[in-house]
Structure formats: structure tokens, C-alpha cells
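Q: Sequence plus predicted model, see below.
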Amino acid sequence: MALSMKSLAHRPCLVKGSRLSVPVIVRSARDCTARPFKSTLNSSNLLGSLKSGRQRVMKVSASSAAAPAPSQPAFKWGANMKDLGISIGIGALLWFIPPPAGVTLKAWHLLSVFVGTIVAIITTPLPLGAVAMLGMGAAMLTKVLTFPEAFSAFASEIPWLIAIAYFLAGGFIKSGLGNRIAYAIVSAFGKTTLGLVYSLVMAEALLSPAIPSVAARAGGIFFPLAKALCLSCGSDPEKGTQKKLGAFLMLTCFQTSTISSAMFITAMAANPLAVNLAASSGINITWGGWALAAIVPGLICLVSVPLILYALYPPEIKDTPDAPEAAKKELEKLGPMSLNEKITAGAFAMTVGLWIFGSSIGVNAVAAATVGLTILLVTNVITWKECLANGPAWDTLTWFAALIAMAAYLNKFGFIPWFSDSVVKVISSLGLEWQSAFAIIVALYFYSHYFFASGAAHIGAMYTAFLAVATACGTPSMVAALMLAQLSNLMGCLTTYGIGSAPPYFGAGYVPQADWLKFGFILSIFYLAVWMGVGGTWWKFLGLW
């Protein structure tokens, strides 16, 4: 029986030479040889063919049965279950402890969720954004917070300002402007790592009285510069070289941002709130009076902190005598500024100008940052896709907003006022000299900031009550008002969430959280010693007590 070429081209052909014959589609007549059909097949041949075929099938079945099943990948948890269990256990233990008298059950339960979340942030069983989502989920699941309450801080300015600062930093680096400025700084101050650090520290301090948002100042201006410097020196956490320069530089820039914020009323957005609350108690603090009181302890801390961290948390790169010359050569290679660099510089200049003068025309810090971001997006210096891919920005926005919301509702549900009143009653009953009583008041006020994700929230919740008990114990009113107000900035040094400059520097990934918290606590002792020791002596010289 003859086969047509068309039918042959679509017949399966058996490919031999392997254990199993595999049917494949014949693409052309040449792939398979057509043979004439033989009708002379006898019974013995047929039986032999069937027998050999059955044996081949049995062999294939046996070999298939003997072959091991494909191995499945081992299950792996997405979280460190031990640390997650510790966090949940601490929160659950606190949940079932009866609340103290004067604290509502709802406030106590929110405290247990908040403490469990803070423990998880410290132990980091998951990325911080995921931890925050778990915390908010627990608060909503237990009906401690509603959805609008749990997500209320996503409408807050500070988390969005920090996120936009990350986007601006992306443009700063992508355009090449960051490298250009970094090389210029290295060429001028780069013989030593300390020289680089001090150049940034002093520049930030000089700008601080003009930019009333530490989040904008740190995240929008100095964090991009610091990151560009780190990358230009080959320090990148993604490559495991964070200790080369970045860990020391990021931690120092963050810590000194809290100092510069404490030195001027206009250096931090919450400072005017403290001034207003002091005024409501009959204590009038002027801009000049605040700055004069803070200048001596502030300068001592600005000079000392880089040296302290240089000794305790040293960078691998210390002396770079050839760096200035190398940086000059790199600047020459860069040539004139590109169009994208000029656009980025203009966008930053406009943003910083609005941060400085925007309050006089009713433009807040987030609106100012949005202007700069819009310019970079419209001119294609950066793309929205790149903004969406900026994981640290969205991660920081999530966990910071979650903590702000929980802390705010701890205050609204009455826990913070109860805590403040309890402290006031205990200290008032001790009958101590005002110096001793004030030292206790300051320590409690300072370290209670572990429960706050905002300086403004802390001041609003506790400043008036602690000022009242300090003056009632005999502390000179101006000393009490200034000390508590200025320390409201310095206490941001303690955590990764306590002040607006912390998230960008921490989120860069150069400093592990354990190191951040450890050195924050060490430096907090130093700040208190300087402000109350040297500062107290300086204030006595000024006649404040």
C-alpha cells in the first residue's frame, strides 16, 4: 500500500538508539524511510515479536520503578521562628497580665502588641516592613485597633518624607551628581576618614537652623552624599564591604544629626512645640536663648562623637593620603556636568529652598520634596519603575508608619498619660534635692523614648507633665524647660525609629540593628553627661540658675 508524501510528513517516526522509542513528528519524507508492507509475517514471527516486546516493556517498567523519585526542595521557613516565637511570647505574656489600676484593658492590650512588635524589630525574624505588617495585623485581629487606626500614620508627613528622600537619593546617585560632589569632598578633605566625616558633620550643623526638618535635612541632603561617598570608596553592604567606610560614616552622620537638631529651635519640627508648651507654663524661650544655651554642649558633642565612634566602631579605611589626588583625577574624567546632573542639581536647589523658606508661603516639607521628585520624574532622570523597585523606601515607609500609629494610640488610649502621672507622683513623694530629683526626671523622660516613634509625639505626651514635676521639685524653670526640650532631640539616638533621620541612615543597610542600638545607648550616656555636666555649668555661667 503506497503512502502519500503528505501523510508521511505527519506520521510519527520512532527514534531508536535509546531504551525507549520516542515518537516524534516527521518534518519531511527524508526523516523516515517508507518500506513496502509485507504480508508474509508468519505466526512464529508474530509470537516472537510479542514476546520480545513484552520483555522490553517489563525491563522498562522495572527500571522505572527502580529509578529514584525526583527530590523535592526542603521546606524552609521565611522567618527565624525562634526569634519570632520569642517576640510573640513576650507580647502574649504581657497580654494576659492584668493591667495596673488606671490603665484600660484596651490600652494594655495595645501595649502588649507594641512591645511584641518592638522585640521583633530588635531581633528581626523578618524584614522590618514584614514585622510591622504582622504587628498591625495582630492589632486588628485582636480588635485592639481598627483598620483606619492601624493605618492612620500612612497619612503622616514624616514616613512619606523619608520615602521621597530615598527616591531623590536615587536620582542623586543615578545622574552622577552624587559621585561628582563626593569626589569634590574627597579632594578637599579626603586625606583621612575623619576629615571626610567632619566635613559632612559640620556642613549639616551649619544648615540645621535653616531647615526645620531633620528628616528632610538628613534624608534629602546628607544621606545621598554619605551614600555616594561610601560607594565611591568601595563600601557597599551588598558586596560585604560595609565596614570599609559606610558603617562608621552612616552611624556618625545619624548621631550628629540628633545633636544639631538639639542646638536650634528651627532645626527640628517638634522644637517649636516644646517652646509653646513651655510658654503655656509661663516660661518664655527665645531662639537666641535656646541657641546660646546649647552651643557649648552641642559643639563638644559634635566634635567628640566622631572620635568616640572612630575608637569604638572604626572603619577599615583610616588614612588615605593619595585619595585627594585620585579624586581630582576622577573629577577630570567626569568632565563637565551632564544635563541630568544639572537637572538634579536644580531639583535639589529648589527642594532645599522650599524647605528653608516654604513655611512662609505655606509649603510643607513633603510638598517641597514632591516638587523635586516631580522634576526628576518628568525629565526622566529617574523613572517611576525605579521608585517602585526601591525596596528600602517602601520598607521604611511601612514599619515607620506602623510604629507611629501604635505609639499615637498608646497615648490616645491613656497609657502614656498614666505612665507620666505615675512617674510624677513617685518622684514628688521622694523628697529629694532638686538636682537629684531632676536627674531622675531627665533619665525617665529620656529613656521612655523607646516607646515613641516621634519626637513630637513624645513632647506632646510627656513634656508638660515632666516640666511641671521638675519645677515643683525646685528645679529652676528655664533649666528644666531647656533641658527637656533639647534632650527631646538627643533621645532620638536610641533607636532606629525614634527620630526622622534614623530610618534613611539605618535603612541603607550598613549598620546592623544590634550595633545601632548598642552605640545608641552608649552615646546616650555621653549626651546626658555632657548636657547635664558641662551644659549645667555653662548654664550657671549664663545665670540660668
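A: Thanks, I have the structure now. Numbering: from 1, shown residues only.
Q: The residue nearest to residue 247 when sequence neighbours are not counted: which element?
A: Using Cβ to Cβ, 6 or more residues apart in numbering and skipping the chain neighbours, the partner closest in space to residue 247 is residue 510 (4.7 Å). The C-beta positions use only the backbone N, C-alpha and C, and glycine is treated the same way. Taking DSSP states H and E as the definition, residue 510 sits outside all helices and strands.
Q: Am I right that residue 510 is in contact with residue 239?
A: No. Using Cβ atoms under 8 Å, residue 510 is not in contact with residue 239; the gap is 11.6 Å.
Q: ok, those two, which is more surrounded?
A: For residue 510 versus residue 239, neighbours defined as other Cβ atoms under 10 Å are more numerous around residue 510 (26 against 10).
Q: Show me the domain layout of this protein.
A: Taking automatic domain parsing as the criterion, the chain consists of the domains 81-150, 155-269+286-401, 405-542.
Q: Just put those domains in JSON lines and tack on mean pLDDT.
A: Listed next are these as JSON lines, based on pLDDT from 0 to 100:
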{"stretch": "domain 81-150", "mean pLDDT": "92"}
{"stretch": "domain 155-269+286-401", "mean pLDDT": "88"}
{"stretch": "domain 405-542", "mean pLDDT": "89"}
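Q: can you tell which of these is closest to residue 277?
A: With Cβ to Cβ, the closest approach to residue 277 among the domains of the chain belongs to domain 405-542: 5.2 Å.
Q: which residues sit in contact with the residue nearest to residue 247?
A: Taking Cβ atoms under 8 Å, 6 or more residues apart in numbering, we find residue 510 in contact with 230, 235, 237, 242, 246-247, 249-251.
Q: Over to residue 200?
A: Contact analysis of residue 200 by Cβ under 8 Å, 6+ apart lists 185, 222, 225-226, 229, 249, 253.
Q: does it count as helix, strand or coil?
A: Under DSSP: H, G, I helix; E, B strand; the rest coil, residue 200 falls in the helix class.
Q: separation between it and residue 418?
A: 42 Å (Cβ to Cβ, to the nearest Å).
Q: Count the neighbours of residue 346 for me.
A: 14.
Q: Check which helices and strands the helix or strand encompassing residue 256 is in contact with.
A: Using DSSP H and E, residue 256 sits in helix 246-263. Applying 3 or more Cβ pairs under 8 Å, 6 or more residues apart in numbering; DSSP states H and E, we find helix 246-263 packed against helix 193-207, helix 214-215, helix 223-232, helix 287-312, helix 477-490, helix 502-507, helix 513-529.
Q: Return the most buried member of these.
A: Ranked by mean neighbour count under mean count of other Cβ atoms under 10 Å, the helices and strands packed on helix 246-263 are led by helix 214-215, which reaches a mean of 28.
Q: Now do that helix: everything it contacts.
A: Contacts for helix 214-215 (Cβ under 8 Å, 6+ apart): 158, 161-162, 165, 208, 257-258, 260-261, 267-269, 365, 489, 499-501, 504.
Q: Same question for stretch 218-226.
A: Here stretch 218-226 has contacts from 161-162, 164-166, 168-169, 172-173, 178, 181-182, 185, 200, 203-204, 207, 211, 246, 249-250, 253-254, 257, 348, 351-352, 355, 369, 372, 500-501, 503-505, 508, using Cβ under 8 Å, 6+ apart.
Q: Restricted to buried residues, select those residues in PyMOL.
A: Typed into PyMOL, the line below selects the buried ones among the contacts of stretch 218-226, using 16 or more other Cβ atoms under 10 Å:
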select buried, resi 161+162+164+165+166+168+169+172+173+178+181+182+185+200+204+207+211+246+249+250+253+254+257+348+351+352+355+369+372+500+501+503+504+505+508
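Q: Leaving out sequence neighbours, find the closest residue to residue 205.
A: Nearest to residue 205 is residue 260, by Cβ to Cβ, 6+ apart, at 4.3 Å.
Q: and that neighbour, how far is that from residue 217?
A: Going from residue 260 to residue 217 by Cβ to Cβ gives 8 Å.
Q: which neighbours do the two share?
A: Joint contacts of residue 260 and residue 217 (Cβ under 8 Å, 6+ apart) are 204, 208, 267.
Q: nearest to residue 406, of these?
A: Nearest to residue 406 among the shared contacts of residue 260 and residue 217 is residue 267, at 27.0 Å by Cβ to Cβ.
Q: what sits against the closest one?
A: With Cβ under 8 Å, 6+ apart, residue 267 has these contacts: 208-209, 211-212, 214, 217, 260-261, 489.
Q: at 10 Å instead, please
A: 204-205, 207-214, 217, 257, 259-261, 290-291, 294, 298, 489 (Cβ atoms under 10 Å, 6 or more residues apart in numbering).
Q: ditto for residue 441
A: Per Cβ under 10 Å, 6+ apart, neighbours of residue 441: 423-424, 427, 434, 466-467, 469-470, 473, 475, 480, 483-484.
Q: swap in residue 538?
A: 292-297, 300, 531, 544.
Q: ditto for residue 320
A: Neighbouring residues of residue 320 by Cβ under 10 Å, 6+ apart: 186, 190-193, 195-196, 233, 245, 326-327.
Q: Could you save these as CSV and add columns showing distance to residue 144?
A: Listed next are the contacts of residue 320 as CSV, based on distance: Cβ to Cβ, whole Å:
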residue, distance to residue 144
186, 51
190, 52
191, 56
192, 52
193, 47
195, 51
196, 47
233, 47
245, 44
326, 57
327, 54
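Q: Now which of those residues would you call buried?
A: 186, 190-193, 195-196, 233, 245, 327.
Q: one step back: so which of the domains of the chain comes closest to residue 280?
A: Comparing the domains of the chain against residue 280 with Cβ to Cβ, the closest turns out to be domain 405-542 (7.5 Å).
Q: Any idea how far apart the tips of the closest one sit?
A: 41 Å (Cα to Cα, to the nearest Å).
Q: what do you get for stretch 258-275?
A: 18 Å.
Q: Ok, stretch 350-366 next?
A: Start-to-end, stretch 350-366 (Cα to Cα) is 13 Å.
Q: and the residue lying closest to residue 88 once chain neighbours are set aside, how many neighbours does it have?
A: In space, and not counting its chain neighbours, residue 88 is closest to residue 116: 6.2 Å by Cβ to Cβ, 6+ apart. Neighbour count for residue 116, taken as other Cβ under 10 Å: 25.
Q: who touches residue 116 in this structure?
A: Residue 116 neighbours (Cβ under 10 Å, 6+ apart): 84, 86-95, 131, 134-135, 138.
Q: Restricted to helices, list the residues you listed.
A: Taking DSSP state H, the ones among the contacts of residue 116 that sit in helices are 84, 86-95, 131, 134-135, 138.
Q: Mind jotting down where the strands sit in the protein?
A: In the chain, the segments counted as strands under DSSP state E are 12-15, 22-25.
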